[in-house]
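Engineer: need a 3D model of the following:
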Amino acid sequence: MKKKELEIMLERVEDVEEPDVDREQYATPATVASDLLYFAFMNGDIRDCVVYDLGCGTGILGIGAKLLGAKAVIGIDSDEKMIEVAEANAKRLGLQVEFRRCDVREVEGKGDTVVMNPPFGAQRKNRHADRLFLGKALEIAPVGYAILNKGSELFITRVMPTASVRHFPVAFPLRRRFSFHKQDTKLIPVDIYRIERT
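Structural biologist: You can find the predicted model right below:
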């Protein structure tokens, strides 16, 4: 499947009706999801792999991994309504993806690859969530892919000093979602990271 075809398929993933700002429930745009997934695919980290999607939300990354030939995909989210939306999205696309309601700290299991758009830890109730997700990712698998704030490489190397890190920049089109958003769409500069345990 070509990257553009993947993006078109991922446009069919529906969002949750009432997102929770404290949990930083921002939908991953299909353009950004396909960038991350194709980066992983081209590095041999999707096809025939067991892929975990941490903080899966609507399931877009896990669904995309399955479309690209993952052997199995396990999506994790602590919010029951997100799990329901993710399950409905996978069913709509005719895909077998396992979704589990679970706090990321309690995830057990081993995989080949982790994909995620983790909370950035911007909300007071969610401080340092990004560290938690990064640490758990490399407990589960030898390699993880994450969408993080632009320029997060120094932060990652402080949190994971022995990890190998590569990244590239993308624009994240953040649509008006919460009452404090002033613009219909704002482009947020982010980086997509490949983080490998060494």
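Engineer: and the strands in the chain?
Structural biologist: 50-54, 72-77, 98-101, 113-116, 143-149, 164-175, 185-196 (DSSP state E).
Engineer: which stretch in the ones you listed is the model least sure about?
Structural biologist: Mean pLDDT values for these show the minimum at strand 164-175, a mean of 86.
Engineer: same for that one, what does it pack against?
Structural biologist: Applying 3 or more CB pairs under 8 Å, 6 or more residues apart in numbering; DSSP states H and E, we find strand 164-175 packed against helix 30-42, helix 153-159, strand 185-196. Using the backbone N, CA and C atoms, a C-beta is placed for each residue, glycine as well.
Engineer: ok, which of the strands of the chain comes nearest Leu37?
Structural biologist: strand 113-116 (6.9 Å; CB to CB).
Engineer: show me what Pro169 is bridged to.
Structural biologist: Asp191 (DSSP bridges).
Engineer: how near is it to Asp35?
Structural biologist: According to CB to CB, to the nearest Å, Pro169 and Asp35 sit 10 Å apart.
Engineer: where does this structure have low pLDDT?
Structural biologist: 18-25, 120-128, 174-184 (pLDDT under 70).
Engineer: residues near Ala70, how many?
Structural biologist: 29 (other CB atoms under 10 Å).
Engineer: let me see the contact set for it.
Structural biologist: 46-51 (CB atoms under 8 Å, 6 or more residues apart in numbering).
Engineer: now swap in Gly111 and tell me
Structural biologist: 49-52, 74, 140-141.
Engineer: can I get the contacts of Ala70 in JSON lines including neighbour count and distance to Ile192?
Structural biologist: Shown next, in JSON lines, are the contacts of Ala70 (neighbours: other CB atoms under 10 Å; distance: CB to CB, whole Å):
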{"residue": "Ile46", "neighbour count": "26", "distance to Ile192": "14"}
{"residue": "Arg47", "neighbour count": "13", "distance to Ile192": "19"}
{"residue": "Asp48", "neighbour count": "10", "distance to Ile192": "22"}
{"residue": "Cys49", "neighbour count": "22", "distance to Ile192": "18"}
{"residue": "Val50", "neighbour count": "17", "distance to Ile192": "21"}
{"residue": "Val51", "neighbour count": "30", "distance to Ile192": "16"}
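Engineer: state the pair within these that is farthest apart.
Structural biologist: Arg47 and Val50 (11.5 Å).
Engineer: quick one: the most centrally placed residue in the chain from Lys71, how far?
Structural biologist: Closest to where the C-alpha atoms of the chain average out (CA atoms, centre = their mean) is Met116, at 2.3 Å. Distance from Met116 to Lys71, counting by CB to CB: 19 Å.
Engineer: what do you get for Gly64?
Structural biologist: From Gly64 to Lys71 the distance is 15 Å (CB to CB).
Engineer: those two: which is more packed in?
Structural biologist: Taking other CB under 10 Å, Gly64 and Lys71 do not tie; Gly64 has more neighbours (32 against 14).
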